[in-house]
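# can you look at this prediction? I've put the sequence above it.
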Amino acid sequence: MSKIGIVTKFEIIRQLKKPSFWIAVLLLPILLGGVIGLSILSSSSMDDEISDKNSKTDDTVKVGLIDDAKVVNKDVVPANVSFVEDKEKSIEAVKTGELDELYVIRNDFVESKEVESYVRKKSDETSLFGGVTSGNILSILSASAASRVDIKDVIILSNSVNVKTTTFDETGEEFNLLGKAIIPIAVLAIFYILICVFGNRMLMAVVEEKENRISEMILTAVSAKQLIIGKIIALILLGFLQMIIFLIPVIIAIFVYRDNPMVSGILGIIEFDPVTFIGNLALLVFSYFLFTGACTFVGSLMPTARDASQYIGIVMVGMVLPLMFIGTMMTSTPSLITYVLSYFPLSAPIAMMIRNAYGFLPWYEFIFGLIEIGIFSMLSIYLASRCFQKNAINFSVTRFSFKSRKRIKG
């Protein structure tokens, strides 16, 4: 086994033995699973409560209706609704409990667009707004209106029309923008989680040897280049391990709820193109290499983690900078800031991922950006190994001064 492989294996085993690693790995999926579980339980209990209410017979709620405007069709009125004439007596009936609800449609209904509602609060009702809502009268009015018009008009007026759009690209081929964007969006989300979760760990992986003052002993067995490359490979593998553990509950949830209309709808529109998938996967790996190399480079320059943490923010800001200008990334005509962010090494990964997700990244720019990110990732790894070799036994920060030193005259 090569020395790089030995370093990679040692670093992976050392991280896997740390309880803090598993806490960080498992905490996010556990929290996500807990939130999803609570949401499912909450929606299930709400559905049960609604079904219990709906299972009650109409006779349990006595409703009175005064229709002075003559807008209600008596043929569509439920059996528990009775037409009454005297408003004052009906209100007294609500007060005494003979009626649970009373609705009054006045003659000026067309002008006022109002319906008076009188409700008696039940003893077991906990709502702050009374017992029964206006849903009963609204359903009655909707049914009455639907009975007087054609079914086509009902569909139009009820906003039930679904517009199915077919989009064609410049070549005249059918183009599914949302289906093509799902994989790039997933790549962007995975990369963003990786840089947020693993940024500090990459920094510490280099600095801790210098803080513990064992770097000079390590370098007697392996070169600085072998040590840095082995650490970077180990960190990348650990990062993808965490993402796999994070995605397992998501995949299980998708499989369990695959019959859900929203889930099945999303799965149905995904377009899987092997070339596109491999390209996005390469962009993710190269971008992660660049981020890891940049963090390792900062760690190789600084003697302690406290000093390094002050400068790692520059790398993080550079990476997420395109999110601050996301509006310029979502246009078909790129501006100057779009090109600057797309080809500046630190901001290039996320800028390209955003443009690729919205379908505004030409294939030649994608290939060029991929090559650029690959070159700068290798350059950052090279600089990190060189700086680590030079500063491996440097435990203090060199302070620079622009003032000229005065000679002491003897």
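On my side now, so go ahead. All values reported here derive from a predicted model rather than from experimental measurement.
# grab the most central residue of this protein for me.
Closest residue to the average C-alpha location of the chain: residue 189 at 7.0 Å, with Cα atoms, centre = their mean.
# domains of the chain?
The record's domain parsing of the chain by automatic domain parsing lists 3-27+174-391, 62-157.
# could you tell me the end-to-end distance of the last one?
The first and final residues of domain 62-157 sit 30 Å from each other (Cα to Cα, to the nearest Å).
# ok, now stretch 255-264?
Stretch 255-264 stretches 10 Å from its first residue to its last (Cα to Cα).
# re earlier: secondary structure element holding the residue nearest to the centre of the chain?
Element membership for residue 189, per DSSP states H and E: helix 177-211.
# mean confidence score for that helix?
Regarding helix 177-211, the rounded mean pLDDT is 74.
# which stretch among the domains of the chain comes nearest residue 164?
With Cβ to Cβ as the criterion, residue 164 lies closest to domain 3-27+174-391 of the domains of the chain, at 11.9 Å. No exception for glycine: its C-beta is placed from N, CA and C like everyone else's.
# quick one: average pLDDT of stretch 330-339?
Per-residue pLDDT values over stretch 330-339 give a mean of 84.
# now it: buried residues?
334, 338 (16 or more other Cβ atoms under 10 Å).
# next one: that stretch to chain centre, how far?
Averaged C-alpha coordinates place stretch 330-339 at 24 Å from its chain's average position (Cα atoms, centre = their mean, to the nearest Å).
# need the winner for burial among the domains of the chain.
Comparing these by mean neighbour count (mean count of other Cβ atoms under 10 Å), domain 3-27+174-391 ranks first with a mean of 17.
# tell me which element the closest residue to residue 242 other than its chain neighbours is part of?
In space, and not counting its chain neighbours, residue 242 is closest to residue 25: 4.8 Å by Cβ to Cβ, 6 or more residues apart in numbering. For residue 25, the element it lies in under DSSP H and E is helix 19-55.
# how near is residue 306 to residue 207?
To residue 207, residue 306 is 9 Å away according to Cβ to Cβ, to the nearest Å.
# state the distance from the closest residue to residue 326 other than its chain neighbours to residue 181.
Distances taken as Cβ to Cβ, 6+ apart put residue 354 closest to residue 326, at 6.2 Å, once the chain neighbours are dropped. Residue 354 sits 10 Å away from residue 181 when distances are taken as Cβ to Cβ.
# residue 114 now?
Distance, residue 114 to residue 181, using Cβ to Cβ: 46 Å.
# what's downstream of the lowest-mean-pLDDT helix or strand in the chain, the next helix or strand?
Within the chain, no helix or strand scores below helix 215-218, which has a mean of 56 by mean pLDDT, DSSP states H and E. Next helix or strand after helix 215-218 toward the C-terminus (DSSP H and E): helix 224-256.
# other residues contacting whichever helix or strand comes after that following helix?
Note on helix 224-256: by DSSP H and E, the next helix or strand toward the C-terminus is helix 261-269. Here helix 261-269 makes contact (Cβ atoms under 8 Å, 6 or more residues apart in numbering) with 176, 178-179, 182, 254, 257-258.
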